[in-house]
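Undergrad: Any chance you can model this:
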Amino acid sequence: MSDIFISYARADKDKAELLANAFSRNGWSVWWDREIPPGQSFDETIENALNAARCVVVLWSKHSVSSRWVKTEAAEGAERGTLVPAMIDHAPIPLEFKRIEAADLSGWHGEPSHREFDQLIKSVAARIDGTAPASQMRPALGSEIRSGHWWRKHSGASALTGGLAVIALIFLLQQGFFRKEKEPTNAQHAGQAASIDEPSRLGRRAVGRNPEGFEVKPPPSAQASAAVMNLLAAENGGHVVVATNDRWPYTIDGDEKTWQYIDIGVTGSWAVYGFKDDKPARFDTFKVLILGTESWNLKEFELLAGSDSPTGKFESIGKFQTDNLRFFKDPYQAFKFPPVEARYLKVRVISSHGFSSVGAYEFQLLGVLES
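TA: Residues are numbered from 1 along each chain as shown. As a prediction, this is how the structure comes out:
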């Protein structure tokens, strides 16, 4: 069991190491190195270290505020009452954590006399000793304004700017500016309103050995208005037929917020997908959901097609490679290839962007079922 678990983005490793050394000098044990030895499960190792720690120190930065992994660790610490956040630059803290007081270490370079670092040490000690207050949350926004607490840590121009920001936020809330829009229907998610030769639905061509510029045409047996669908979606009859482990079904469960690790192993890991009523289908685009830069994201993979049996002969469609980035217009990275007619699609995972396992969110396959 470690006293402290430090959550941070890989780009902030130097600052995390500086802080870990400072904690160690205070006599605390620290878990912070995310380098997992080969053969060990990354997610289980992280989870065990997180659950065992008495205090979770999260380093907020321009890199970590967009990291789903860091935000998950912060949420776990907040739920258990062990979270102690610190800002290492001036990036806006994610909305759900703004009411938790954070130490400002943007100007800290290791000196023990730094005022904010001293406050951080006291907060950490309170969590480890079990003397921290039960609730970490700041007062609600309205009570902060009425009591003037939002003003207490600011002065001069910065205080005026903060006051104007609070007033603007209240106005936007009253006007319903942050009201959640209606979720798109399953049909919209599946791309059912598009035509197979409509280029705007085929997405971005990603880096890889897939051909460029291939013009997609509907099969002779299909009408020109045949609808493109996500053949792997459960509502469209998509399913996993056979796979190397039981985590593959999560890649087509429609949940875009959670992921599962798929161990690569020596020879790789693979799954065979079937379509509605085990019918053959015609398809030309495979899509991978990438929500941000993470070392466990899927990197290289191979697509294969077959019609004999789920364990029979498969022909390679090609090997492809994702960009380790989030594309905000459409976070699904699309990979085009000449149209293929087959009963089964085989996906073989080859590598991640850094770890021994791949964290997969969602896969999609665009095409039409053969009649």
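
Undergrad: which residue packs closest to Glu96, ignoring adjacent ones?
TA: Ala75 (7.3 Å; C-beta to C-beta, 6 or more residues apart in numbering). Quick note: C-beta positions are derived from backbone N, CA and C, even for glycine.

Undergrad: whoops, I mixed them up, Phe97
TA: The nearest residue in space to Phe97 (C-beta to C-beta, 6+ apart) is Ala74, at 5.9 Å.

Undergrad: How many residues are close by the one you found?
TA: Using other C-beta atoms under 10 Å, the number of residues around Ala74 comes to 25.

Undergrad: can you pull the pLDDT of Glu101?
TA: Note for Glu101: predicted pLDDT of 85.

Undergrad: hey, where'd the helices end up in the chain?
TA: For the chain, helices defined by DSSP state H occupy the ranges 13-25, 42-52, 68-80, 115-129, 141-147, 156-174, 186-190.

Undergrad: Lowest mean pLDDT across those helices, which one is that?
TA: helix 141-147 - the lowest mean pLDDT of the helices of the chain, at a mean of 35.

Undergrad: In contact with Trp270, which residues?
TA: Shown in contact with Trp270 (C-beta atoms under 8 Å, 6 or more residues apart in numbering): 243-244, 346-349.

Undergrad: Give me the lowest-pLDDT entry from those.
TA: Within those, pLDDT reaches its minimum at Thr244, with 91.

Undergrad: How about it: what's its closest non-neighbour residue?
TA: Residue nearest to Thr244 in three dimensions, not counting chain neighbours: Ser269, with 4.7 Å by C-beta to C-beta, 6+ apart.

Undergrad: what's near enough to touch that neighbour?
TA: 243-245, 262-263, 348-349, 358.

Undergrad: Low-confidence stretches in this structure?
TA: 1, 34-42, 131-226, 265-268 (pLDDT under 70).

Undergrad: got the domain boundaries for it?
TA: Annotated domains of the chain cover 4-138, 186-369 [automatic domain parsing].

Undergrad: now the residue lying closest to Gly110 once chain neighbours are set aside: how far from Ala125?
TA: Spatial nearest neighbour of Gly110, excluding adjacent residues (C-beta to C-beta, 6+ apart): Leu18 at 5.3 Å. Distance from Leu18 to Ala125, counting by C-beta to C-beta, to the nearest Å: 19 Å.

Undergrad: What of Phe23?
TA: 10 Å.

Undergrad: show me what contacts the residue nearest to Ser123 when sequence neighbours are not counted?
TA: The shortest distance from Ser123 to any non-neighbouring residue, by C-beta to C-beta, 6+ apart, is to Val84 (4.8 Å). Residues near Val84 by C-beta under 8 Å, 6+ apart: 55-58, 77, 103, 120, 123-124, 127.

Undergrad: repeat for Leu365
TA: Leu365 neighbours (C-beta under 8 Å, 6+ apart): 230-232, 238, 273, 283, 285-287, 345.

Undergrad: now swap in Thr258 and tell me
TA: Listed by C-beta under 8 Å, 6+ apart, the contact partners of Thr258 are 250, 361.

Undergrad: Give me the more crowded residue out of Phe23 and Ala125.
TA: Phe23 (22 against 16).

Undergrad: surely the more buried one meets Ala16?
TA: No: at 10.5 Å, Phe23 and Ala16 do not qualify as touching, with contact defined as C-beta atoms under 8 Å.

Undergrad: any common contacting residues for those two?
TA: Joint contacts of Phe23 and Ala16 (C-beta under 8 Å, 6+ apart) do not exist.

Undergrad: Not counting its own residues, what contacts stretch 117-127?
TA: Stretch 117-127 is contacted by residues 4, 22-23, 26, 28, 54-55, 57, 81-82, 84, 86, 103, 105, 108, 111-112, 132 when judged by C-beta under 8 Å, 6+ apart.

Undergrad: same thing but at 7 Å, please
TA: Contacts with stretch 117-127, where a contact means C-beta atoms under 7 Å, 6 or more residues apart in numbering, come from 4, 26, 54-55, 57, 82, 84, 86, 103, 105, 108, 132.

Undergrad: hang on, the earlier thing: from the contacts of Leu365, which is closest to Lys319?
TA: Closest to Lys319 out of the contacts of Leu365 is Phe286 (11.7 Å), distances taken as C-beta to C-beta.

Undergrad: okay, now that closest one: neighbour count?
TA: 27.

Undergrad: Please apply the same query to Ser29.
TA: Using other C-beta under 10 Å, the number of residues around Ser29 comes to 13.

Undergrad: wait, isn't it in contact with Asp3?
TA: Yes: between Ser29 and Asp3 there is a contact at 4.9 Å, judged by C-beta atoms under 7 Å.

Undergrad: Ala342 touches Asp308, doesn't it?
TA: No: using C-beta under 7 Å, Ala342 is not in contact with Asp308, being 9.8 Å away.

Undergrad: which of these two has more neighbours?
TA: Taking other C-beta under 10 Å, Ala342 and Asp308 do not tie; Ala342 has more neighbours (21 against 11).

Undergrad: got the contact list for Ser29?
TA: Going by C-beta under 7 Å, 6+ apart, Ser29 touches 2-3.

Undergrad: who are the neighbours in contact with Pro85?
TA: By C-beta under 7 Å, 6+ apart, the contact set of Pro85 is 58, 60, 74, 97, 100, 102.
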